[in-house]
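> generate a structure from the sequence data that follows.
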Amino acid sequence: MTLPFKHFYKSFLRSYGQVMLQGNAITGLLFLLGIALNSPTMLLGSTLAIISACAVARLCRYDVNAVRQGLYGFNAALVGVAVFHFLPVSFISLFVVIVGGTFSTALMHFMMSRMTSIPAFTTPFILSTWLILLFINYAELNSVVSSTLDMGDDVGMNAATVASYFQASMRGVGQVMLQEYWLSGVFFLCALFVNSRKSAAWAFIGSAAGMLIAIGFSFPQEKVMMGLYGFNSCLVAIALVGRYPNKQWLIFFAIVFAVLLTRGFELANIPALTAPFVITTLLVIALVKIQTSYVNKSNAKPA
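Sure, this is the predicted structure:
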């Protein structure tokens, strides 16, 4: 497999874009800038992880079209960001980024080649990061690992305003890539708009709805305002509107379920990451397939 530089930079940027299911290099560039705006360190981690993923894909001769579309890089990008959320920059953390990015790429290839009927989404990122967190705890590299990714300082909003709710919604979009700065979320939303207006609209709807649902259930206010209940519902909305554009009721059901599942992970003291997004989306896809199969069988019966 050959991957000239002119193709590499596109696959590199598309790896960022595919985090939110967008195979667009310009979208990926804006995602990259959004990360840089909040954390140059996390940008370093994601960059190193994507390069590692592309190197593995080339050495192992993975499908060149999948590589160019960024399908082997986006989970690695998330792993790189996550490592530098939990660890400071050091020789060890750089090594963990490379190993984690490599492992997520191999896992992505396994799922794409051996589990073709099940969309991988961010499963390789989740499994890789859970293993990394176990290693961090075992090696005592970091004494505190949050179960819900409590990123940033406590916003401490006793009297929320319209502006603070808007910022919380933007943080929900930003937290998809572990960015707590609301302006990073604005960059991400603009990036989505470049490739798909519908995806951008539903990303905002998903994040805002997740925030409102969490408020309705009296979930911790500081976590609500940090967007920690919005990013999984944001991803769910993006993924499902592409598959079922005319089933808005189903998307809103999935958003509610994703928010409740996020809280469930939190209460179980398990880092949720994007697991609620993956579980919810796969569950909805399975339910739709079952319903469609049942309807087809009913219609096939003789009168």
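> need the three-state assignment for Tyr62.
At Tyr62 the chain is in coil, as set by DSSP: H, G, I helix; E, B strand; the rest coil.
> in the stretch 51-200 of the chain, where is pLDDT below threshold?
142-160 (pLDDT under 70).
> kindly recompute the last result at 50.
The model of the stretch 51-200 of the chain has pLDDT under 50 over residues 143-144, 146-148, 150-154, 156-157.
> what ranges do the helices span in it?
Using DSSP state H, counting those that start in this stretch, the helices found in the stretch 51-200 of the chain span residues 64-68, 74-86, 91-114, 123-139, 162-174, 182-195, 197-216.
> which of these sits most buried?
Of the helices of the stretch 51-200 of the chain, the one with the most neighbours on average (mean count of other CB atoms under 10 Å) is helix 74-86, at a mean of 29. Where C-beta positions appear, they are placed from N, C-alpha and C, glycine not excepted.
> show me what that one packs onto, helices and strands only.
helix 5-17, helix 40-59, helix 91-114, helix 123-139 (3 or more CB pairs under 8 Å, 6 or more residues apart in numbering; DSSP states H and E).
> the same query, at a cut-off of 10 Å, please.
Helices and strands touching helix 74-86, by 3 or more CB pairs under 10 Å, 6 or more residues apart in numbering; DSSP states H and E, are helix 5-17, helix 25-38, helix 40-59, helix 91-114, helix 123-139.
> okay, those in TSV with distance to Asn296 next?
Shown next, in TSV, are the helices and strands packed on helix 74-86 (distance: least, CB to CB, whole Å):
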stretch	distance to Asn296
helix 5-17	35
helix 25-38	36
helix 40-59	38
helix 91-114	28
helix 123-139	29
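> what's the closest of the ones you listed to Thr161?
Nearest to Thr161, of all the helices and strands packed on helix 74-86, is helix 25-38, at 22.2 Å by CB to CB.
> just checking, what packs against that closest one?
Helix 25-38 is packed against helix 5-17, helix 40-59, helix 74-86, helix 162-174, helix 182-195, with contacts defined by 3+ CB pairs under 10 Å, 6+ apart.
> buried sites along the longest one?
Applying a neighbour-count criterion of 16 or more other CB atoms under 10 Å, one finds 41-54, 56-58 buried in helix 40-59.
> now the longest helix along the chain and helix 123-139, what's the angle there?
Ranked by residue count under DSSP state H, the longest helix found in the chain is helix 275-300. Calculated by axes from the mean of the first three to the mean of the last three CA atoms, to 10 degrees, helix 275-300 forms an angle of 150 degrees with helix 123-139.
> would you reformat the helices and strands packed on helix 25-38 as CSV and include distance to Glu140?
Below are those laid out as CSV (distance: least, CB to CB, whole Å):
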stretch, distance to Glu140
helix 5-17, 32
helix 40-59, 21
helix 74-86, 13
helix 162-174, 30
helix 182-195, 31
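> Phe121: which of those is closest?
When the helices and strands packed on helix 25-38 are ranked by proximity to Phe121, the top entry is helix 74-86, at 8.9 Å, counting by CB to CB.
> I'm done for today, thanks for sticking with me.
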